[in-house]
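**Q** Need coordinates for the below:
(4 chains)
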Protein chains: 2
Amino acid sequence: MQTKEQLLESKDIRVTAMRLLIYKFLAQKQVAVTLSDIENAFEKADRTTLYRTVKTFEEKAIVHQIDDGTGITKYALCEKGCNCEIETDLHLHFHCNNCNETVCLTEHKIPQIKVPNGFISEDINLVVKGICDKCSGQ
Amino acid sequence: MQTKEQLLESKDIRVTAMRLLIYKFLAQKQVAVTLSDIENAFEKADRTTLYRTVKTFEEKAIVHQIDDGTGITKYALCEKGCNCEIETDLHLHFHCNNCNETVCLTEHKIPQIKVPNGFISEDINLVVKGICDKCSGQ
DNA sequence: CAATAAATGCACTTCCATTGCACCTATTTT
DNA sequence: AAAATAGGTGCAATGGAAGTGCATTTATTG
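**A** Below you'll find the predicted structure:
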């Protein structure tokens, strides 16, 4: 297994202390996080740095952006089963209306969606909202 | 066929000149519009009025809100085949990456989505992004 | 007509996203 | 190793959209 440093380098991302910390933070999180979440976790760092770091991660495809309908952009590490570069490999996200957390359901692929003639589908965003497993108590 | 006045009244919405204009504006649009779009169409009116009018329409279920991933909330009239009160009757939206317009595909229903055990699905937001019929030239 | 309720307009606030610029740090070149 | 260069970080400021409080106008009801 490669170290986190090697992983970043393999994606053409220069390794800095800050980036490693942010990467580790994202890695330990099981849910998608907002910029504010990251900001609260690293109060010493500047908001801009965090913002640009996440943008860099996104460009290098180790993080994907999630629009769960809360109006606030969330981010999550791309994991096994989440090949964000490959368009046909889209997974769906679940947003809990109770705890307000959003999780990636990487094992749940988005079904084939038919669009009318003349429309060309390039990307699909599917967010299911409801109550998550922790909140439903099941 | 009932007049627009009657339609609003039937939904418990007081008819005012402004509301009629906004309703007609939405009705003639074939795409979902942002608040700014409405604002530009009615420069004489105040943003707040437009904002609250749309909110009222939304509450009374003659308009539905669309989150197409652009970060800006869009609105569209509920039409035949769009029963927004009924959760199981969700249609999908198509967002064109070229012209930036979003249309309701009311005839295309969202397929059944399976979620893991413990998760309770209450609502589904499905946005397909790509090139629309006008832009694809087909 | 008076009383009441709702609609509208103005001003202001908040929050998130984004950018410009200066400074610092690391890497590369000579 | 020093200089040059590129990239990273921090501060300040901006912009856009969403939302709220309050005063005023307009419509409805008794």
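
**Q** So which elements touch the host helix or strand of A:E39?
**A** According to DSSP states H and E, A:E39 maps onto helix A:35-41. Here helix A:35-41 touches helix A:17-28, helix A:47-59, going by 3 or more C-beta pairs under 8 Å, 6 or more residues apart in numbering or on different chains; DSSP states H and E. Glycine gets a C-beta too; all of them are placed from N, C-alpha and C.

**Q** If we use 10 Å, what do you get?
**A** Counting contacts by 3 or more C-beta pairs under 10 Å, 6 or more residues apart in numbering or on different chains; DSSP states H and E, helix A:35-41 is packed against helix A:17-28, strand A:33-34, helix A:47-59, strand A:74-77.

**Q** wait, A:K29 sits on A:V63?
**A** No. With contact defined as C-beta atoms under 10 Å, A:K29 does not reach A:V63; the gap is 11.3 Å.

**Q** what about the two, which has more around it?
**A** Counted by other C-beta atoms under 10 Å in any protein chain shown, A:K29 and A:V63 do not tie: A:V63 has more neighbours, with 22 against 16.

**Q** who's in contact with the more buried one?
**A** The neighbourhood of A:V63, defined by C-beta atoms under 10 Å, 6 or more residues apart in numbering or on different chains, consists of A:22-23, A:26, A:32, A:53-57, A:75-78, A:84.

**Q** how about a cut-off of 7 Å?
**A** Contacts for A:V63 (C-beta atoms under 7 Å, 6 or more residues apart in numbering or on different chains) come out as A:26, A:54, A:57, A:75-78.

**Q** In chain A, where is pLDDT below threshold?
**A** Scanning chain A for pLDDT under 70 picks out A:1, A:80-89, A:138.

**Q** let's see 50
**A** Applying pLDDT under 50 to chain A flags the ranges A:88.

**Q** can you tell if the longest strand seen in it touches chain B?
**A** In chain A, with assignment by DSSP state E, the single longest strand is strand A:120-131. Yes. Counting by C-beta under 7 Å from any C-beta of the partner chain, chain B has neighbours in strand A:120-131: A:120-131.

**Q** For DNA strand D, state which of the residues you listed is nearest.
**A** Nearest to DNA strand D among the residues of strand A:120-131 next to chain B, counting by C-beta to the nearest atom of the strand, is A:K129 at 15.8 Å.

**Q** Bridge partners for that closest one, pull those for me.
**A** A:H95, B:D123 (DSSP bridges).

**Q** Next to DNA strand D in this structure, residues from chain A, please.
**A** A:13-14, A:16-19, A:44-49, A:52-53, A:56, A:71 (C-beta under 7 Å from any atom of the strand).

**Q** Please pick the buried ones from those.
**A** By neighbour count, with 16 or more other C-beta atoms under 10 Å in any protein chain shown, the residues of chain A next to DNA strand D hold A:13, A:19, A:49, A:53, A:56 as buried.

**Q** Spatially nearest residue to the fourth one, not counting backbone neighbours?
**A** Spatial nearest neighbour of A:T53, excluding adjacent residues (C-beta to C-beta, 6 or more residues apart in numbering or on different chains): A:I22 at 5.2 Å.

**Q** same thing with the third one?
**A** What sits nearest to A:T49 in space, not counting adjacent residues and going by C-beta to C-beta, 6+ apart, is A:M18, at 6.2 Å.

**Q** Just read off the phi/psi values of A:A45.
**A** phi -80, psi 160 (degrees, to the nearest 10).

**Q** No further queries at this time; thank you.
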